[in-house]
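>>> The following comprises the amino acid sequence and a computationally predicted model.
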Amino acid sequence: LLRVDKFVQENFPLANPENLIPLTWKFSPLSSFFDFRIKKALKEIKTTKVDKNEIMLWYIYNMGIVIKSEEKTVGIDLGQEWINPQIVQLADYVDLLIFSHPHPDHLSIKAVKRAIENGIPVVFPSGKVSLETFNGEGKIGNKTTTMSQMIAELAKIENSDNDLLIAMAPEETKTIKGIKIIAYPAVHRGPSFLNKVPTRWFWFEVDGFRFLQTDDAGLANKIPLPFFSDKVDVLLTAQPTPNPDEILSINPKFAFPLHHHEIGHGRRACEKDTLEKYFQLAEQVKKQNPSIKVIPLIWGEKVRLAK
């Protein structure tokens with residue numbers, strides 16, 4: 001897997017300035033590699049049969065994950081469809097979509113539109129948002145609007161009160177298609193301009209498997225991380241600066257550190273957010289708590305977990 005770090009860095013699409021990366025991406029060897037990996041994942045998600053006491057998990061891109069049990073399939077933070085339009089096709093194979101916050105590397109408007117057309121519910125944070133543009137699909141000017149209104153407008157959905165658009169408030173609990181979901185308030189990590197959007201940690205249960213998606217955010221209230229201990233089987237986390245403390249405090253059975261090799265964040269980010277750092281993180285966690293399995297993944301990779 002460490003060879004993938006070198007492959008990404010050596011074949012990063014040339015662009016100057018970096019905002020031209022989408023124009024050069026499709027001609028890069030990395031684009032061909034991702035196309036191969038996403039096609040493989042799409043075929044597997046469609047055809048793989050999952051046993052009753054198992055779960056399958058596919059890493060798509062950035063924080064994008066597809067989870068499949070015997071009965072349910074859930075898509076998490078599917079974004080950046082300009083990387084490959086097949087990301088949007090994943091909306092054909094899920095029973096539910098969940099998005100942690102409205103940044104384009106986590107929220108594909110085209111995937112939302114496709115899900116709604118398929119009658120699939122879409123879960124996201126409630127709250128107000130003010131964006132000059134939503135990268136990749138349309139503009140909403142400088143106005144302040146609700147998340148539901150923004151998504152409906154960009155996805156060209158006539159009614160923002162559509163029952164399939166489900167905005168969740170902090171510490172709200174819902175059960176949707178037999179999947180229990182709890183939303184926890186969070187604040188996006190990094191520069192202040194990034195944390196001006198509604199953000200959630202989502203805890204959810206799929207056929208007895210308990211997931212916590214912390215994304216690239218920190219908790220916004222006073223809930224201590226050990227609160228989640230013994231409540232999480234699978235942790236989906238972003239670790240831009242790998243630190244074992246969050247994983248050790250939450251104490252999941254499995255932890256998947258994601259949000260690496262994000263082409264849209266530029267060459268410097270791909271050189272910094274590497275699988276090598278995540279393998280070092282796995283060793284740090286193992287030394288302190290060997291019962292937690294930290295598993296770095298590459299695009300399109302699948303994992304089968306058993307109870």
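Arrived safely, thanks for sending. Numbering: from 1, shown residues only.

>>> Isn't G75 up against V88?
No. Here G75 lies out of contact with V88, judged by C-beta atoms under 8 Å, at a distance of 10.8 Å. In this view, the C-beta of every residue, glycine as well, is placed from N, C-alpha and C.

>>> shared neighbours of these two, which are they?
Common neighbours of G75 and V88, using C-beta atoms under 8 Å, 6 or more residues apart in numbering, are A111.

>>> quick one: buried residues of the longest strand along the chain?
Ranked by residue count and defined by DSSP state E, the top strand of the chain is strand 179-188. For strand 179-188, a neighbour-count test (16 or more other C-beta atoms under 10 Å) marks 179, 181-188 as buried.

>>> Going by distance to N251, which of the residues you listed wins?
Taking C-beta to C-beta as the measure, N251 lies nearest Y184 of the buried residues of strand 179-188, at 16.4 Å.

>>> I'd say the closest one and W203 touch.
Yes. Between Y184 and W203 there is a contact at 6.9 Å, judged by C-beta under 8 Å.

>>> beta partners of V234?
V234 has the following beta-bridge partners by DSSP bridges: F211, F254.

>>> wait, it sits on M56?
No. Using C-beta under 8 Å, V234 is not in contact with M56, being 11.6 Å away.

>>> Could you check which of these two is surrounded by more residues?
Neighbours were counted for V234 and for M56 using other C-beta atoms under 10 Å; V234 has more, 23 against 20.

>>> What score does the closest residue to K272 other than its chain neighbours have for pLDDT?
By the measure of C-beta to C-beta, 6 or more residues apart in numbering, the closest residue to K272 outside its immediate chain neighbours is P240, 7.7 Å from it. For P240, the model assigns a pLDDT of 71.

>>> who are the neighbours in contact with P240?
Per C-beta under 8 Å, 6+ apart, neighbours of P240: 189-190, 216, 259, 272-273.

>>> Am I right that it is in a helix?
No. Going by DSSP: H, G, I helix; E, B strand; the rest coil, the assignment for P240 is coil, not a helix.

>>> Please enumerate the helices of the chain.
Secondary structure of the chain by DSSP state H: the helices cover 2-10, 21-25, 29-47, 86-89, 109-117, 147-154, 244-250, 267-272, 275-288.

>>> in the second one, what's buried?
What that stands for is helix 21-25. Of the residues in helix 21-25, 21-22, 25 count as buried by neighbour count, 16+ other C-beta under 10 Å.

>>> then it to CSV, C-alphas only?
Taking Å, rounded to 0.1, in the frame of the first residue of the first chain, the C-alpha atoms of helix 21-25 are listed here in CSV:
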residue,chain,number,x,y,z
ILE,A,21,-6.2,20.5,-11.6
PRO,A,22,-9.7,19.3,-12.8
LEU,A,23,-8.7,20.2,-16.3
THR,A,24,-5.5,18.1,-16.2
TRP,A,25,-6.7,15.3,-14.0
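
>>> Once you drop chain neighbours, what's closest to N221?
Nearest non-adjacent residue to N221 (C-beta to C-beta, 6+ apart): P185, at 5.3 Å.

>>> hang on, that neighbour packs against E172?
No. Taking contacts as C-beta under 8 Å, P185 lies outside contact range of E172: 10.1 Å.

>>> Can you lay out the contacts of P240 as CSV showing pLDDT and neighbour count?
Output for those, formatted as CSV (pLDDT from 0 to 100; neighbours: other C-beta atoms under 10 Å):
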residue, pLDDT, neighbour count
R189, 82, 15
G190, 76, 11
D216, 85, 25
H259, 92, 22
K272, 86, 13
D273, 86, 23
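
>>> In CSV, list those along with distance to I38.
Formatted as CSV, the contacts of P240 follow (distance: C-beta to C-beta, whole Å):
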residue, distance to I38
R189, 27
G190, 27
D216, 22
H259, 17
K272, 24
D273, 20
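
>>> which one among those residues gets closest to A155?
Within these, the smallest distance to A155 is 23.1 Å, found for D216 (C-beta to C-beta).
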